[in-house]
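Colleague: turn this into a structure:
(one chain, ligands or ions: 2)
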Amino acid sequence: MKTESIFESKQEEKREVILVAVMEKGADSADREASFDELERLAETAGATVYARMVQEKESPDPRTYIGSGKVQELAELCKNGGISMVIFDCELSPSQIKNLENDLGDVQVIDRSMLILDIFALHATSGEGKLQVELAQLKYTVPRLTGHGTELSRLGGGIGTRGPGESKLETDRRHVKRRMDALEEALEELAKNRAVQRNSRDRSGIFKVAIAGYTNAGKSTLLNYLTDAGILAEDKLFATLDPTTRKFELPSGEEILLTDTVGFIRNLPHHLIRAFRSTLDEVCYADAILVVVDASDPESMAQLDVTRSLIDELGASDKSVLFVYNKCDRGFASHPTTPTHQNVYISAKTGEGTEELVKRLEELATAGKKEYTFAFPADKLGLINTLYRDANVLDTEYTENGAIVKAVCDSKTAGQLARFIKAE
Ligand SMILES: Nc1nc2c(ncn2[C@@H]2O[C@H](COP(=O)(O)OP(=O)(O)OP(=O)(O)O)[C@@H](O)[C@H]2O)c(=O)[nH]1
Ligand SMILES: [Mg+2]
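Modeller: Residues are numbered from 1 along each chain as shown. Ligands and ions are numbered 1, 2, ... in the order given. Okay, the predicted model is just below:
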């Protein structure tokens, strides 16, 4: 798998690109700008610099070339004058639209937002599973688009949107691609099974699991690093994290919980990408609670929060306990939080400000539904104390002539399993 930036490896300087979008007549131009800003950040993360932005106001996109034919000509001129060899569309283009655009524009490569995101994913995937997921998604989405005008698949490697399945893996034979896709699907299924086994053993341990979710660049990794010294790469780039990382965290009560950093969300996250990353995104579904991290200093924070909440719904995780973590408070608030006050926490993962309150709230979440019990184990059942050490928070153990008296905080499931040893008050 190639991981170098194709822009930088091809040329000394970063590759310049033009961004193109269609705006519905009467649509909010501030939304358009925000979406363009985000596309620009995505392009920069992939290693490009933006030469120009072009918008067309239109009732609906042109089925042949997405933008109208006059606009295609204007774009061709702009590319020619600026020596630009790549155009990125802020939408999803069909393979035939890409083919038509490339034909009309001449020697210019056309890619869409999904291909750009996949390119960044390929650049940032580090785990075996992450790399396989990206490669499969690229074979399904990017390859049909790159072969638009009958070009050989080996054309891959010629530009952005092509990191991942390297040329060696992509012979000109489509059947080879099909075989590779089958093999990848099989390998991913196997990995998903392993993940489920790991998850089951975590579940049996009764340990409270918290997923850190939120819009990309909100500060999820910085927060996990602050709390646990996880040492995850956290940087001012979109999709810095692709693979989930789980760390133990000890609450002030002594109880240990698990915190998992996850891949960030973004608006218009393509469905095929959600499907491709379902197994990693499942970390959110299997958590007991979700910390939804929001970059409070971003003027777009509330729109970003809406995106995050609807993706959490889509993953089927909307029934979880949620805390909204308004991060980057050291920079000040850019807009007023719209979530219920009692579910909000305000922090700076950078300075640590507010994290004590966050930990307190995590403790409340972890102990909700848990109670302190006193167990009396007879001498021949002392082995069961291990169950409590594994599944509960043991506060005190006193050995007596007849066995042991153990005080522990545990959930109703564990208490139910050991119900006959619970000492009446
Ligand atoms: N000023 C300030 N910057 C922060 C804070 N938290 C995170 N950052 C910065 O925000 C940028 C993104 O942080 P990350 O932790 O990588 O964000 P993330 O949510 O993990 O992002 P992805 O993995 O890309 O989805 C980094 O440059 C951090 O240094 C904060 O509380 N205050
Ligand atoms: Mg991250």
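Colleague: domains in this structure, as residue ranges please.
Modeller: 6-155, 206-367, 370-421 (automatic domain parsing).
Colleague: ok, of these, where does mean pLDDT dip lowest?
Modeller: Sorting the domains of the chain by mean pLDDT places domain 6-155 lowest, at a mean of 85.
Colleague: max-length helix in this protein?
Modeller: In the chain, ranked by residue count with DSSP state H as the criterion, the top helix is helix 174-204.
Colleague: residues from the stretch 201-350 of the chain in reach of ligand 1?
Modeller: Remark: the part of the stretch 201-350 of the chain in contact with ligand 1 comprises 214, 216-222, 234-236, 238-241, 264, 327-328, 330-331, 348-350, using C-beta under 6 Å from any ligand atom. Where C-beta positions appear, they are placed from N, C-alpha and C, glycine not excepted.
Colleague: within reach of ligand 2, which of the residues you listed are there?
Modeller: Restricting these to those adjacent to ligand 2 (criterion: C-beta under 5 Å from the ion) gives Lys220, Ser221, Ala240, Thr241.
Colleague: the closest residue to ligand 2 within the stretch 301-425 of the chain: neighbour count?
Modeller: When scored by C-beta to the ion, the stretch 301-425 of the chain has Ala349 as its residue closest to ligand 2, at 10.8 Å. Residue neighbour count, defined by other C-beta atoms under 10 Å, stands at 26 for Ala349.
Colleague: please apply the same query to the one 10 residues further on.
Modeller: Look at Val359: counted by other C-beta under 10 Å, it has 16 neighbours.
Colleague: how about the contacts made by Lys248?
Modeller: Each residue near Lys248 by C-beta atoms under 8 Å, 6 or more residues apart in numbering is listed here: Thr228, Glu256, Ile257, Leu258, Leu259.
Colleague: please pick the buried ones from those residues.
Modeller: Listed as buried from those are Thr228, Ile257, Leu258, Leu259; burial here means 16 or more other C-beta atoms under 10 Å.
Colleague: what kind of secondary structure is the last one in?
Modeller: The three-state label given to Leu259 by DSSP: H, G, I helix; E, B strand; the rest coil is strand.
Colleague: for the stretch 201-350 of the chain, which residues are neighbours of ligand 2?
Modeller: Residues of the stretch 201-350 of the chain lying near ligand 2 (C-beta under 5 Å from the ion): Lys220, Ser221, Ala240, Thr241.
Colleague: could I get the buried residue list for the helix or strand the second one falls within?
Modeller: In this structure, Ser221 sits in helix 220-228 according to DSSP states H and E. When burial is assessed from 16+ other C-beta under 10 Å, helix 220-228 yields the following buried residues: Lys220, Ser221, Thr222, Leu223, Leu224, Asn225, Tyr226, Leu227, Thr228.
Colleague: ok so, going back, which of the buried ones among the contacts of Lys248 lies closest to Pro61?
Modeller: Leu259 (42.4 Å; C-beta to C-beta).
Colleague: so who does the closest one touch?
Modeller: Val210, Ile212, Leu224, Leu227, Thr228, Thr246, Arg247, Lys248, Phe249, Leu291.
Colleague: can I assume the last one sits in a strand?
Modeller: Yes - when the secondary structure is assigned by three-state DSSP, Leu291 falls within a strand.
Colleague: how far away is it from ligand 1?
Modeller: 11 Å (C-beta to the nearest ligand atom, to the nearest Å).
Colleague: report the distance from stretch 338-351 to the chain centre.
Modeller: Averaging C-alpha positions (C-alpha atoms, centre = their mean, to the nearest Å) puts stretch 338-351 20 Å from its chain's average.
Colleague: for stretch 227-240, same thing?
Modeller: Stretch 227-240 has its C-alpha centroid displaced from the chain centroid by 12 Å (C-alpha atoms, centre = their mean).
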